[in-house]
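Engineer: Sequence and computational prediction follow.
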Amino acid sequence: MNGSDPRIPVFVGDPAQAGPGDAVVREGGGEAPLHGVGCACCAPRPALARALARLFMARARGEAAYFQRVIVSGDAAAVAAAIAADPVSAARFRFAGRLDQAAPDSSPSPSARCM
């Protein structure tokens, strides 16, 4: 984990590699929005940005287990671009690279807090 960056790291990798402190985002998770369709806050957002927002809010409400990093299956360049293009996602999450190329200290630890 990057000690100077409080945002939640997002890695691209095989969801089977996810550990107990990880959340997994899979492509094609078309869940319905929690409010009106077409609102200005989420209509122009990429699918990954919407999925990360749902995940973040579920964690904040206590509806999802606390996670310290997110594993996304997909293309690394597309994931990095989706996070960078969405101001809300970029404020909460940071692209951390491919999971199979992660530094040894990037694994979640029970005492580490990201937010």
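Structural biologist: Yep, that arrived.
Engineer: Sort out which residues of the longest helix along the chain are buried, please.
Structural biologist: Taking residue count as the measure and DSSP state H as the definition, the longest helix of the chain comes out as helix 47-60. Judged by neighbour count using 16 or more other Cβ atoms under 10 Å, the buried positions of helix 47-60 are Leu48, Ala49, Arg50, Ala51, Leu52, Ala53, Arg54, Leu55, Phe56, Arg59. C-beta coordinates here come from the backbone N, C-alpha and C atoms, glycine included.
Engineer: which residues of this structure fall in helices?
Structural biologist: Along the chain, counting by DSSP H, helices occupy 47-60, 76-85, 87-92.
Engineer: what ranges of this structure fall below the confidence cut-off?
Structural biologist: 1-3, 27-44, 102-115 (pLDDT under 70).
Engineer: Using CSV, list the CA coordinates for stretch 53-71.
Structural biologist: Output of stretch 53-71 as CSV, limited to C-alpha atoms (Å, rounded to 0.1, in the frame of the first residue of the first chain):
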residue,chain,number,x,y,z
ALA,A,53,-19.4,4.0,-6.5
ARG,A,54,-21.9,1.3,-5.5
LEU,A,55,-19.1,-0.7,-3.8
PHE,A,56,-17.8,2.4,-1.9
MET,A,57,-21.3,3.3,-0.8
ALA,A,58,-22.1,-0.2,0.3
ARG,A,59,-18.9,-0.2,2.4
ALA,A,60,-19.8,3.2,3.9
ARG,A,61,-23.3,2.0,4.9
GLY,A,62,-22.0,-1.2,6.4
GLU,A,63,-23.7,-3.3,3.7
ALA,A,64,-20.4,-4.7,2.5
ALA,A,65,-17.4,-5.9,4.4
TYR,A,66,-14.6,-3.4,4.9
PHE,A,67,-12.1,-3.8,2.1
GLN,A,68,-8.7,-2.4,1.6
ARG,A,69,-8.2,-2.8,-2.1
VAL,A,70,-10.3,-3.7,-5.2
ILE,A,71,-9.6,-6.3,-7.8
